[in-house]
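S.K.: My questions concern the predicted model and sequence given below.
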Amino acid sequence: MDNKVIIFDTTLRDGEQALTASLSVHEKLQIAQAIERLGVDIIEAGFPVSSPGDFDSVKQIAKTVKNSIVCGLARAVEGDIKACADALSVADQFRIHTFISTSDVHVQQKLRKDFSDVEAMAIHAIKYARQFTDDVEFSCEDAGRTPIDNLCRMVENAIKAGANTINIPDTVGYTLPNEFGGIITNLFNRVPNIDKAIISVHCHNDLGLAVANSMAAVQAGARQIECTINGIGERAGNCSLEEVAMIMKTRQEFLGVHTNINHQEIARTSKLVSQLCNMPVQLNKAIVGGNAFSHSSGIHQDGMLKASNTYEIMTPESVGIAKTKLNLTSRSGRHVIKHRMESLGYKESDYELEKLYSDFLALADKKGQVFDDDLEALLFNIQQKDDQDYYHLNTLNVQSGGDFATASIKLLSGEYSQVTSATGNGPVDALYRAIKAAVDIDFEVTDYKISNKGSGEDGLGKADIVVTWQGRNFHGYGLTTDVIEASGLALIHTLNSIHRAQAIAEIKEARAASN
Ligand code: KIV
Ligand code: ZN
């Protein structure tokens, strides 16, 4: 049996479907490119039939990504599969992933069908998908709770119909590691054509066992793991990519398997996904949590000073966390910035040095010392800027103290500019009222958070907000040294997303009217 475990990333599908606010096409593309750099074999980019936005982003990703195979999800019906093929066919090679439930509870209660109807639908869907590509994956949804005889029958027929990857999901995160490993062993022992397909697993984390179950499956012969960055996904999430990747690296001798993952890209990819998805990573999260490599107890610190392997089974550098922290000032030249970015894992082609350097100088003037986290935050800011933005916050003046605050702003909307003022019960309230007075959008701010993104007390402030407009949620962020300004930029970010959504809705209405 091949010792390579294929890594199938579903951050942009299972992960994205669990977010409060969906990602823009630009953000999805950024994540897909980071996942490609991470060395993932298959990227599940979305569920094309679910919305025009999803269709479009799957298409853009399929056009852009070259080193990973791009895949789309489809229910076992022709319309879904055709939408997948239409979105993906811009790529030379692509995968269609089709699925249907196989457990009694899903077949009877959710689908209100018989197992044999479901089996016929699966066979038809797989044969139909094979008309568009040779690479077809089939998933038995809720396989973890499917009677083993039915599961074996479905897997055998799916392979006969042309599926070359068979995915066994523990959809509700119900099984225990030896039980889930046992299901995989049973499939290998009982399905006569099992050698014609790769066996994949897709475990959810409802009981905190997604990673343990995936590893038990690998030990039983599975050779594809479906997972997400930081373990994001439906409910308690999916199997975490960084954890399985580091388990297979750190315990390679014991497990005898390997992956294609570039482990040094892990920290950076985790940070990007956390920021864009507005999903903070818990401090004690394995591999990528803020405390994953910090040692608090005196005994441990003493051990670490003598030999780091006393308390570290892997180094922070092995997952891309830089060791040296060189503090930069306005006297640092471009070559120092370039060198520092290189040690943080960024090639010069990843960013525009001149732009980064001028933003760096502006920040160094404001805060004196600039740290690695600040540099990464500046780059993040540059990557988020979109030349097509309609709204720009040109001037901002906020005064607070006493019982109320006042804010005056100058907002550029396309070629118009408008000055508005408002009072509020605090500086952010006043600012948001002033911005609301300048735009013709009836929105509500439904979530608001401030966090520290740089190092030390003069680090950068990041505002993350969720705005609801016409029943849809939009996530926006602003990152700067002033938290009030960051709050304003976060709102402007969401208003630009709403403006784009309005433009798309108008185009659709005009098309519908002319038909
Ligand atoms: O959890 C699940 O079963 C899924 C399938 C669509 C693979 O996400
Ligand atoms: Zn899932």
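M.R.: Yep, that arrived. Ligands and ions are numbered 1, 2, ... in the order given.

S.K.: Contact residues of this structure facing ligand 1?
M.R.: Listed as neighbours of ligand 1 in the chain under the rule C-beta under 6 Å from any ligand atom: 14, 99, 139, 141, 167, 169, 171, 202, 204. In short, each C-beta sits where N, CA and C put it, glycine included.

S.K.: any idea which of the residues you listed has the most stuff around it?
M.R.: With neighbours taken as other C-beta atoms under 10 Å, the top of the residues of the chain next to ligand 1 is residue 202, carrying 30 neighbours.

S.K.: partners of the host helix or strand of that one in the sheet?
M.R.: Using DSSP states H and E, residue 202 sits within strand 198-203. Next to strand 198-203 in the sheet, as set by DSSP bridges, lie strand 165-170 (parallel), strand 224-227 (parallel).

S.K.: Show me which residues of the next helix or strand after the last one are buried.
M.R.: The C-terminal neighbour of strand 224-227 among helices and strands, as given by DSSP H and E, is helix 241-250. Across helix 241-250, burial judged by 16 or more other C-beta atoms under 10 Å covers 241-249.

S.K.: before we move on, what about stretch 268-279?
M.R.: The neighbour-count check on stretch 268-279 (16+ other C-beta under 10 Å) flags 268-279 as buried.

S.K.: ok, which stretches of the stretch 1-150 of the chain are strands?
M.R.: Listed in chain order, the strands of the stretch 1-150 of the chain (DSSP state E, counting those that start in this stretch) span 6-9, 42-46, 69-75, 94-101, 136-141.

S.K.: re the thing from before, wait, which of the buried residues of helix 241-250 is closest to ligand 1?
M.R.: Checking the buried residues of helix 241-250 against ligand 1 by C-beta to the nearest ligand atom gives residue 241 as the nearest, at 15.0 Å.

S.K.: and of the strands of the stretch 1-150 of the chain, who's closest to residue 284?
M.R.: strand 6-9 (23.4 Å; C-beta to C-beta).

S.K.: which residues touch the closest one?
M.R.: Contacts with strand 6-9, where a contact means C-beta atoms under 8 Å, 6 or more residues apart in numbering, come from 35, 38-44, 71, 198, 200, 223-229, 241, 244-245, 259-261.

S.K.: where does the closest residue in space to residue 125 that isn't next to it in sequence sit relative to residue 298, distance-wise?
M.R.: Excluding its sequence neighbours, the residue lying closest to residue 125 (C-beta to C-beta, 6 or more residues apart in numbering) is residue 76, at 3.6 Å. From residue 76 over to residue 298 the distance is 59 Å, taken as C-beta to C-beta, to the nearest Å.

S.K.: which of those two has more neighbours?
M.R.: Set residue 76 next to residue 298 and count neighbours by other C-beta under 10 Å: residue 76 wins out with 23 against 8.

S.K.: list the contacts for the more buried one?
M.R.: Residue 76 is in contact with 98-100, 121-122, 124-125, counting by C-beta under 8 Å, 6+ apart.

S.K.: Now the most far-flung residue of the chain relative to its centre: phi and psi?
M.R.: For the chain, the residue at maximal distance from the C-alpha centroid (C-alpha atoms, centre = their mean) is residue 402, at 42.5 Å. When quoted as degrees, to the nearest 10, the phi and psi of residue 402 stand at phi 70, psi -140.

S.K.: Next one: it from ligand 1, what distance?
M.R.: With the distance defined as C-beta to the nearest ligand atom, to the nearest Å, residue 402 ends up 53 Å from ligand 1.
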